[in-house]
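1. The following comprises the amino acid sequence and a computationally predicted model.
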Amino acid sequence: MSFASEFMDRARVVASNLRHRQIIRTALGNYEMARDRRKATYQDWQGARQLAAETKWEAINHLDHYLLDFSNRLEARGTKVHWASNASQARDIILSIVQQKQARSVIKSKAMTAEEIHLNEALEKAGLKVVESDLGELIVQLRRETPYHIVFPSMHLTREEISALFEKELGSAPTLDPEELTMIARRVLRGKYLTADIGITGGNFAVAETGMVSITENEGNARLTAALPKTMITLLGIEKIIPRLDDLALFLPMLATMGAGQALTGYNTLYGGPRQPGELDGPEEWHVVLLDNHRTELLADGEQRDALHCIRCGACLNVCPIFRNVGGHTYGTTYSGPIGSVITPHLRGLQDWKHLSGASSLCGACTETCPVKIDLHHHLLQNRRNAAQERPDNLEEAAFGVFGWFTRRPAAWKTVRSILQKIQPLTRRFQKKPWHPAKPWTQTRDLPVLPSESFRDWWKNRPKTSKHD
Amino acid sequence: MTEKGQILNRIRQALKTNAPHPGHHAPAQVKNPGGSHHTPSPGEPRNWLPKVGESVEEHRTLFARNAAELKADFHWLDSLEDARKLLNDMASREVWQKVATHAGECTSPLCSTLPCKVLTLSPGYDRNELESCNAGISECDFLVAQTGTVALTNQSAGGRALSVLPPHHIVLARKHQLLPDLPAAFAGLRKKYGDNFPSMISLITGPSRTGDIERILVLGAHGPKKLTILAF
Ligand code: SF4
């Protein structure tokens, strides 16, 4: 089965699931209110977007320069920087560190790049116990699911489902109180932090000027992950670069505003090295793994290069009518929603994933909301164009060829029209049949009945009574 | 060639084509200025970020408002003695058995008179002991009015774990540490540490929180359930 037909099948199920719709509507309704209230406090939100976009443009369009600055500064303070061209290299680097340390347990804080390279599977295969520490990530890990949303991994679940899950997997007593459920996770994870050999984190920004990784989170789980285990590993996409420390004064509040309607996320923490001489605690070793994994291919596409500006705030998912109807899991990708639809064809192959470019109403809500001004909906169109140029659809081209031929010949057009008008009552009887050639369209929509008189005929025959006509 | 070399090479190859400037669809007219890496900035973040006011009084009010919204406790006190009284009251009210702190100009004098055991962290401290403490008391670098944030480093605030492991984090600040906004906080950090930043800088905005269960706010997900800020 192709990725496209899997997408269609899942979309059909989720889109007609009223419970799913209700959950998403409530969650995102609250999000929208908080976000708008927060945006209104800015002196000029559009000015802030432009500055953020230009800053990311500067970073991405001089990526070689800034990446070198970043890695040199990190190395100068004792951090080991690794470079990985693809997912398997990144997994191997991390596995070899873990094996060298003879580690048995790993505690992880939220990292979409780790999802991207399927790190947990690789670590578990090597016999390690991996625990996700972000509450939402822990919930989906226990369900053996992928995150539903890049910022809210478990937003598709109700407290009843989470309680049943904890009861089964953690042996806790059932409760419908979100606070009690959170405390169950807190208790379970406390022990893991204190004993884990390795802490693995992602990162939100890589500051070239000072050689620091900035991690944004609300729970404090990344803070603990970077404080307690002896060895810390951070996996970063190469596009996370920003030029200067002070740029964070803009990016951190913007990420918080668009991510969850906060002034600032609970913890924004900058790490510049492992434990330094004279410091009280912290990991003895810090490894930063810089991941390419097809990002340089996207970089080579000048037209869509700005997709690398993404700060993974999730705002475009939240406003997308397609995402809201089909849900995060339908995409079958690490990154879902508009940004996922744009970059997945670059990361995993244009032909296999081109159907995502069609998963859009082209309303442009994503482009309008994006804090770094990525031209998302135009990129979907460009992916459609590129896919068609690379592998033309002969049937479609032939159909449009025939259509074009008729439209240029009024007499032929007229004949066909009158024939179609006559046989339409007949064909309408078959339009819901499974073998109907236009089934995907006609199954849920009725083709309007052709009027007996065409517009041209009506125009020609209209009574000419007044000179104003 | 090393993997690093190959990735950098691919980047340089890729950047030979131009990308449109933000807000434009067509590629930039100017050639990508390969050697130089500076494009003129369209202005200061301060021009766009939420307004903070001019006076200390405005900053204090704003910080207090933000703290209240974040469910953090904020006290603007007259003296170190007032802070001592408040801390001691808290100790008896919350029945502290043991608290953790670090050696410092404010922490040391204030923790020495607490009516409970005090663990002063030193290199090689026992993390299980820290975990069992009722509260962690630390200093900080700055308070940021704009967002209700406490800015601290592992140097100013007793390492990486003290401010997140115990269930209650108490921050001791001097009044002059209150700054208007984030740009001021970064400037302040630069001035204080020069080129030699500590290995961790953390901007803490409210107690630990999560919304991962039905987007309902719960405090104390992994870090402290309570955040108390004393400025004197
Ligand atoms: S594309 Fe823009 S809106 Fe979407 S996640 Fe990235 S930064 Fe946020």
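-> Cool, the structure landed. Bear in mind that the values here come from a model prediction, so they are computed numbers and not experimental data. Residues are numbered from 1 along each chain as shown, chains lettered A, B, ... in the order given.

2. Residue A:57 and residue B:24 touch, don't they?
-> No. Look at residue A:57 against residue B:24 with Cβ atoms under 8 Å: they stay out of range, at 10.4 Å. Where C-beta positions appear, they are placed from N, C-alpha and C, glycine not excepted.

3. of these two, who's got more company?
-> residue A:57 (23 against 11; other Cβ atoms under 10 Å in any protein chain shown).

4. That one sits in which helix or strand?
-> helix A:45-60 (DSSP states H and E).

5. pLDDT averaged over that helix, what's the number?
-> For helix A:45-60, mean pLDDT is 95.

6. How far off centre is the very next helix or strand once past it?
-> Downstream of helix A:45-60, the next assigned helix or strand under DSSP H and E is helix A:63-76. Centroid displacement of helix A:63-76 relative to its chain, using Cα atoms, centre = their mean, to the nearest Å, is 27 Å.

7. what do you get for stretch A:103-112?
-> Using Cα atoms, centre = their mean, the offset of stretch A:103-112 from its chain centre is 21 Å.

8. sorry, back to before: so the helix holding residue A:57 versus helix A:63-76, what angle?
-> Calculated by axes from the mean of the first three to the mean of the last three Cα atoms, to 10 degrees, helix A:45-60 forms an angle of 80 degrees with helix A:63-76.

9. now what about helix A:45-60, what contacts it?
-> A:39, A:42, A:66, A:208, A:239, A:241-243, A:247, A:250-251, A:254, A:299, A:305-306, A:308-309, A:311, A:370-373, B:19, B:21-23, B:37-39, B:41-43, B:45, B:47-49 (Cβ atoms under 8 Å, 6 or more residues apart in numbering or on different chains).

10. and if you look at stretch A:350-358?
-> So stretch A:350-358 is contacted by A:2-4, A:7-8, A:331, A:333, A:340-341, A:344-345, A:380-381, A:383-384, A:386-387, A:390-391 (Cβ under 8 Å, 6+ apart).

11. swap in stretch A:113-132?
-> Under Cβ under 8 Å, 6+ apart, the answer for stretch A:113-132 is A:87-88, A:90-91, A:94-95, A:98-99, A:103-108, A:110-111, A:138, A:140-141, A:146-147, A:189, A:192, A:196, A:200, A:202, A:235-237, A:291, A:293, A:334-335, A:347.

12. rewinding a little: which of the contacts of stretch A:350-358 are buried, as a ChimeraX select command?
-> Buried subset of the contacts of stretch A:350-358, written as a ChimeraX selection, criterion 16 or more other Cβ atoms under 10 Å in any protein chain shown:
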select /A:3,4,7,331,333,340,341,344,345,380,383,386,387
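
13. what's the distance between the closest residue to the ligand within the stretch 151-300 of chain A and residue A:36?
-> Closest contact between the stretch 151-300 of chain A and the ligand, by Cβ to the nearest ligand atom, is at residue A:258 (6.0 Å). Residue A:258 sits 11 Å away from residue A:36, taking Cβ to Cβ, to the nearest Å as the criterion.

14. mind listing the helices for chain B?
-> B:3-14, B:56-70, B:80-93, B:107-111, B:127-131, B:182-193 (DSSP state H).

15. want to try a markdown table for those helices, with mean pLDDT and mean neighbour count as columns?
-> Converted to a markdown table, these look like this (pLDDT from 0 to 100; neighbours: other Cβ atoms under 10 Å in any protein chain shown):
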| stretch | mean pLDDT | mean neighbour count |
| --- | --- | --- |
| helix B:3-14 | 97 | 17 |
| helix B:56-70 | 97 | 17 |
| helix B:80-93 | 96 | 15 |
| helix B:107-111 | 96 | 18 |
| helix B:127-131 | 95 | 15 |
| helix B:182-193 | 96 | 18 |
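
16. Save those helices as a markdown table, and put in distance to the ligand too.
-> Output for the helices of chain B, formatted as a markdown table (distance: least, Cβ to the nearest ligand atom, whole Å):
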| stretch | distance to the ligand |
| --- | --- |
| helix B:3-14 | 20 |
| helix B:56-70 | 24 |
| helix B:80-93 | 41 |
| helix B:107-111 | 40 |
| helix B:127-131 | 36 |
| helix B:182-193 | 19 |
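
17. can you pull the buried residues of stretch A:126-137?
-> For stretch A:126-137, a neighbour-count test (16+ other Cβ under 10 Å) marks A:128, A:130, A:131, A:132, A:133, A:134, A:135, A:136, A:137 as buried.

18. so of the residues you listed, which ones are in helices?
-> Counting by DSSP H, the buried residues of stretch A:126-137 contribute A:135, A:136, A:137 to helices.

19. with the residues you listed in mind, which one is nearest to residue B:9?
-> residue A:137 (35.0 Å; Cβ to Cβ).

20. from what I can see that closest one touches residue A:112, true?
-> No. Using Cβ under 8 Å, residue A:137 is not in contact with residue A:112, being 10.1 Å away.

21. joint contacts of the two?
-> With Cβ under 8 Å, 6+ apart as the test, residue A:137 and residue A:112 both reach residue A:147.

22. residues contacting the residue of the stretch 151-300 of chain A closest to the ligand?
-> Contacts of residue A:258 (Cβ under 8 Å, 6+ apart): A:35, A:313, A:314, A:315, A:369, A:371.

23. On the C-terminal side of the helix or strand containing it, identify the next helix or strand.
-> Using DSSP H and E, residue A:258 sits in helix A:248-260. Note on helix A:248-260: by DSSP H and E, the next helix or strand toward the C-terminus is strand A:267-271.

24. What strands line up against that following strand, and which way round?
-> Strand A:267-271 pairs in its sheet with strand A:212-217 (antiparallel), strand B:200-204 (antiparallel), by DSSP bridges.

25. what's next to the next helix or strand after the first one, contact-wise?
-> Toward the C-terminal end, the helix or strand that comes next after strand A:212-217 (DSSP H and E) is helix A:221-225. Residues outside helix A:221-225 that contact it (Cβ under 8 Å, 6+ apart) are A:107-110, A:133-135, A:189, A:193, A:199-201, A:215, A:217, A:232, A:267, A:269, B:160-161, B:163-165, B:202, B:221-223.

26. Residue A:233 should be in a strand, yeah?
-> Yes. Checked against DSSP: H, G, I helix; E, B strand; the rest coil, residue A:233 lies within a strand.

27. quick one on the thing from earlier: which one of the contacts of residue A:258 sits closest to residue A:410?
-> Nearest to residue A:410 among these, with distances taken as Cβ to Cβ, is residue A:369, at 45.7 Å.

28. What's the separation between residue A:444 and the ligand?
-> Using Cβ to the nearest ligand atom, to the nearest Å, residue A:444 is found at 29 Å from the ligand.

29. What helix or strand is that residue located in?
-> Counting by DSSP H and E, residue A:444 is part of no helix or strand.

30. Could you give the number of residues near the residue in chain B that chain A sits nearest to?
-> Nearest to chain A, among the residues of chain B, is residue B:223, at 2.4 Å (Cβ to the nearest Cβ). Each residue near residue B:223 was counted by other Cβ under 10 Å, and the total is 28.

31. these two touch, right, it and residue B:166?
-> No. Residue B:223 is not in contact with residue B:166 according to Cβ under 8 Å; the separation is 9.3 Å.

32. Okay, now the unreliable bits of the chain?
-> No chain specified, so I'll use chain A. Within chain A, the ranges that satisfy pLDDT under 70 run A:466-469.

33. Let me rephrase: I mean chain B.
-> Using pLDDT under 70, chain B drops low at B:25-43.
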